[in-house]
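Chemist: Give me a model of this one.
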Amino acid sequence: MLALTLTLILSQTPPAAPAGLLQRFETERPVVLQALAAKYACEKPSRKPEPLCDAALSETRGSAADIRGQNVLVGLTWIVRRGATGKVSVSAPRLSALALNGQGARVLGAVTDISPENAEETKLFARLAKDYEALLKGRKTNVTLPETIRSLLSVWSKSANHPLEKGSGAWVFKGAPGELRKVGEHWVLVGLGRAGDEIGVSVFTP
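Modeler: Alright, predicted model coming up:
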């Protein structure tokens, strides 16, 4: 049975951020984004889209676009760690989902990993992750999710209850170290892990 494992900065019950975590996020975010931009040569024109460039340049290219109605988006999350020398390591991408529910002036959100529970799902999710990577890099025009995943995400998204506040250039998760921006057709989430030693960067697509 498909499992939705809540991770990163959000859960269905908003956690209290440990002392100093928000400040650490503010310190680490620009350094990690700059390192990502350098690693993927994001400032240089490229014929092929690079999804991590969306994350690296989200502060300058993204915006706090309006959120209306019930939305569930699927995409990929990478875990980024910065070593003592400043060198950045990036994990393999994993499937994630983002729920955004706009109810007038109130906006609620939630993020989840889409985790397999058996060998068959492991193979399926690995293929879907590659499909989404190809989509974000412009090599595919769409990805078809199995009905079992779509139906479960639809139900899950209705229970999103983490409040988002609209800032000057980003949506901020209240009480949690994370920022969400729309970059082109994608939504980019940059958030600090609870341990405080890694940053999760996600790119979600409708």
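Chemist: Please make it C-alpha for all contacts and neighbour counts, starting now.
Modeler: OK.
Chemist: Now do the same contact list for N71.
Modeler: For N71, the contacting residues are A99, L100, N101, S157, by CA atoms under 8 Å, 6 or more residues apart in numbering.
Chemist: what's near enough to touch the last one?
Modeler: The one in question is S157. Applying CA under 8 Å, 6+ apart, we find S157 in contact with Q70, N71, V72, L98, A99, L100, N101, A110.
Chemist: Apply 6 Å and report the result again.
Modeler: The contact partners of S157, by CA atoms under 6 Å, 6 or more residues apart in numbering, come to A99.
Chemist: if I look at it, how far off is A97?
Modeler: Distance, S157 to A97, using CA to CA, to the nearest Å: 9 Å.
Chemist: Now tabulate the contacts of N71 in JSON lines and tack on pLDDT and secondary structure.
Modeler: Shown next, in JSON lines, are the contacts of N71 (pLDDT from 0 to 100; DSSP: H, G, I helix; E, B strand; the rest coil):
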{"residue": "A99", "pLDDT": "93", "secondary structure": "strand"}
{"residue": "L100", "pLDDT": "93", "secondary structure": "strand"}
{"residue": "N101", "pLDDT": "92", "secondary structure": "strand"}
{"residue": "S157", "pLDDT": "84", "secondary structure": "helix"}
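Chemist: possible to save those as TSV with distance to T85?
Modeler: TSV is the format used below for the contacts of N71 (distance: CA to CA, whole Å):
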residue	distance to T85
A99	36
L100	37
N101	40
S157	40
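Chemist: Buried ones in whatever helix or strand R150 lives in, by neighbour count?
Modeler: Using DSSP states H and E, R150 falls within helix 147-157. For helix 147-157, a neighbour-count test (16 or more other CA atoms under 10 Å) marks L153, W156, S157 as buried.
Chemist: What of stretch 85-97?
Modeler: Quick answer for stretch 85-97 (16+ other CA under 10 Å): V88, S89, P93, R94, L95, S96, A97.
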